[in-house]
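J.: build the 3D model from these lines:
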Amino acid sequence: MTVPVLTLMGLGEEPGFLEGYGPIDPDTARQIAAGAPSFTRILVHPETGAVLSVGRNRYAVPEDLKRFLRVRDKTCRFPGCNRSAAHCDLDHSLDWQFDGLTAHDNLAHLCPACHALKSETGWRVLHLGDGTLEWTSPTGRTFVSEPATVIRSASPVPRPAPEPRTPAAESEPDPELDPAPY
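T.: Have a look, this model is predicted:
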């Protein structure tokens, strides 16, 4: 069964989905979940539904998260390397053995040579958000690796409301706001 967490908490009314049956109403989903012996948390992209994280529940990267990361990265993310992501490993930036998550903000494509360099030398990597990585060399120099495709959350960025125009402003157009047509 799949149920949005806000529905389980009583803060939302999205339906659940019972495998082999289909959509179920929120009350039935909460009733079934109340008797469940355990849960597996899966974070999904709010617009596409692509899996973004399975947390510490599993080391292996789910296929839809792999697709998401291939689109985001396209190449090895080590500074200066441009080997195709198709020939790279998915690396847990914070190693799984040190409590790293299997999540979009802890995974990046590294070709075998760069993966070995990261794992066996003093290179460190930090996820800054939107897929941007900050690499620090063993000597302390930093390098930024931008994603090939920035994939943002579906929530829109609020924009300020336009200022109301006064009658005087309407009679004399401002060339910056109303450029001449070409």
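
J.: rest of the way, CA atoms for contacts and neighbours
T.: Fine.

J.: contact partners for the residue positioned nearest the centre of the chain?
T.: Central residue of the chain (Cα atoms, centre = their mean): H104, 4.9 Å from the mean position. Listed by Cα atoms under 8 Å, 6 or more residues apart in numbering, the contact set of H104 reads 52-53, 65, 69, 131.

J.: make it 7 Å
T.: Neighbour list for H104: 52-53, 69 [criterion: Cα atoms under 7 Å, 6 or more residues apart in numbering].

J.: export these to CSV and append columns for neighbour count and secondary structure.
T.: Shown next, in CSV, are the contacts of H104 (neighbours: other Cα atoms under 10 Å; DSSP: H, G, I helix; E, B strand; the rest coil):
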residue, neighbour count, secondary structure
L52, 22, strand
S53, 23, strand
L69, 24, helix
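
J.: make a markdown table out of these and add distance to G20.
T.: Output for the contacts of H104, formatted as a markdown table (distance: Cα to Cα, whole Å):
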| residue | distance to G20 |
| --- | --- |
| L52 | 24 |
| S53 | 24 |
| L69 | 29 |
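
J.: out of those, the closest to G100 would be?
T.: Among the contacts of H104, S53 lies closest to G100 (Cα to Cα), at 11.3 Å.

J.: correct me, but that closest one touches A103?
T.: Yes: with contacts counted by Cα atoms under 7 Å, S53 reaches A103, the gap being 3.9 Å.

J.: where does pLDDT dip in the protein?
T.: Low-confidence segments of the chain (pLDDT under 70): 38-51, 152-182.

J.: show me where it has strands.
T.: Assigned by DSSP state E, the chain shows strands spanning 16-18, 22-24, 43-44, 51-55, 89-92, 102-103, 107-110, 124-129, 132-136, 142-145.

J.: gap between G22 and P112?
T.: To P112, G22 is 43 Å away according to Cα to Cα, to the nearest Å.

J.: for these two, indicate the residue with more neighbours.
T.: P112 (16 against 10; other Cα atoms under 10 Å).

J.: contacting residues for the more buried one?
T.: With contact set as Cα under 7 Å, 6+ apart, P112 has these partners: 88-89.

J.: if we go to 10 Å?
T.: 76, 83, 87-91, 118 (Cα atoms under 10 Å, 6 or more residues apart in numbering).
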